[in-house]
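Asks: any chance you could fold what I've pasted below:
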Amino acid sequence: MTMIALALLAAAAAGQPEIKLEPVPGKGYSATVAMIDADQYDPTIKRITALASERCGKLKVRFGRYYFDNQIDVDRGVTVIKDFRQSFSCYDPATDPYKPVPADWKANEAEIGAATRVAADFVSYLDSGNGAALAKLMDPALEATTAEMKRFSDEAKMHQTGPGEFTVRLDGWLNNPEDAAYPGAYAYFAVISSHPGIAGTCGGLLLYRVSSGVYTISQYDVRYVSQALIDEAGYSDEELNRLCQR
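Replies: Numbering: from 1, shown residues only. So this is what the prediction gives:
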């Protein structure tokens, strides 16, 4: 199937947001979506996955850098995702250097400590605005830049009205998750803010175990809900939970 046909397929589903699929020389492909509501996120990702699988044919899909902006639509009480971009490439499993961990692999205290230190370093740099240090913690496939990570730091602090701290909480481990960039072990951390002006946080950090005791951040997806916005909109607990849905 040609790229033009793929693009038509991406847009063919009536009532669903258009997905544009384009080649990126030397890197693979990029799937972009202009705007979706948060409750359309999972269905859109499934459509992108299907398109990527069709594009790669007999090869396997490896997802890489992704990026989007999000904002709260106060009138409707939903989170809106804008300018979503997901890169992917095709690879041959027979020559793939990334290997899975055993299905029953469990992190020992040393692994837990190593992952926790990386997550704690991340929120420390997030608080200080050290974009360069943040970028170094990210998986190289994400192509994170100093300017981009500094912007993430600024966004994390924009609703703060006083001193506080960012902390992390280890919420669990995943072995060889199907939708991850690589097979292997992953640790998921929630990010918590105690700063005045922040009503709560949504999302967290996903860390990939590169080797024994070595971790990079495979995914950063944290939203900070403004207390002022909550007070102004008068959201119920149910509406607040909906804002965190993806």
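Asks: mind checking the longest helix of the protein?
Replies: Criterion DSSP state H: the longest helix present in the chain is helix 109-128.
Asks: who's in contact with that helix?
Replies: For helix 109-128, the surrounding residues in contact (CB atoms under 8 Å, 6 or more residues apart in numbering) are 107, 133-134, 137, 152-153, 156-157, 165-168, 170, 185, 187, 189, 191, 205, 207, 209, 212-217, 220. C-beta coordinates here come from the backbone N, C-alpha and C atoms, glycine included.
Asks: switch the cut-off to 7 Å
Replies: For helix 109-128, contacts defined as CB atoms under 7 Å, 6 or more residues apart in numbering pick out 133-134, 137, 153, 156, 166-168, 170, 187, 189, 191, 205, 207, 213, 215, 217.
Asks: check the offset of it from the chain's centre.
Replies: The chain centroid and the centroid of helix 109-128 are separated by 17 Å, computed with CA atoms, centre = their mean, to the nearest Å.
Asks: before we move on, the earlier item: the contacts of helix 109-128 in strands, which ones?
Replies: For the contacts of helix 109-128, membership in strands holds for Phe166, Thr167, Val168, Leu170, Ala187, Phe189, Val191, Leu205, Leu207, Tyr215, Ile217, with DSSP state E as the criterion.
Asks: of those, buried ones?
Replies: Neighbour-count burial (16 or more other CB atoms under 10 Å) applied to the ones in strands among the contacts of helix 109-128 gives Phe166, Val168, Leu170, Ala187, Phe189, Val191, Leu205, Leu207, Tyr215, Ile217.
Asks: please save the CA atoms from stretch 193-208 in PDB.
Replies: In PDB, the C-alpha atoms belonging to stretch 193-208 read as follows (Å, rounded to 0.1, in the frame of the first residue of the first chain):
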ATOM      1  CA  SER A 193       3.800  18.300  43.800                       C
ATOM      2  CA  SER A 194       3.300  19.800  47.200                       C
ATOM      3  CA  HIS A 195       3.400  23.400  45.900                       C
ATOM      4  CA  PRO A 196       0.600  25.800  46.800                       C
ATOM      5  CA  GLY A 197      -1.400  26.600  43.700                       C
ATOM      6  CA  ILE A 198      -1.300  23.000  42.500                       C
ATOM      7  CA  ALA A 199      -4.500  21.000  43.100                       C
ATOM      8  CA  GLY A 200      -3.000  17.700  41.900                       C
ATOM      9  CA  THR A 201      -1.000  16.000  39.300                       C
ATOM     10  CA  CYS A 202      -1.800  13.400  36.600                       C
ATOM     11  CA  GLY A 203       0.500  10.900  35.000                       C
ATOM     12  CA  GLY A 204       4.100  10.200  35.800                       C
ATOM     13  CA  LEU A 205       7.500   8.900  34.600                       C
ATOM     14  CA  LEU A 206       8.300   5.600  32.800                       C
ATOM     15  CA  LEU A 207      11.900   4.400  33.200                       C
ATOM     16  CA  TYR A 208      13.500   1.900  31.000                       C
END
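Asks: what comes up buried for the longest helix of the chain?
Replies: Glu111, Ala114, Ala115, Thr116, Val118, Ala119, Asp121, Phe122, Val123, Tyr125, Leu126, Asp127.
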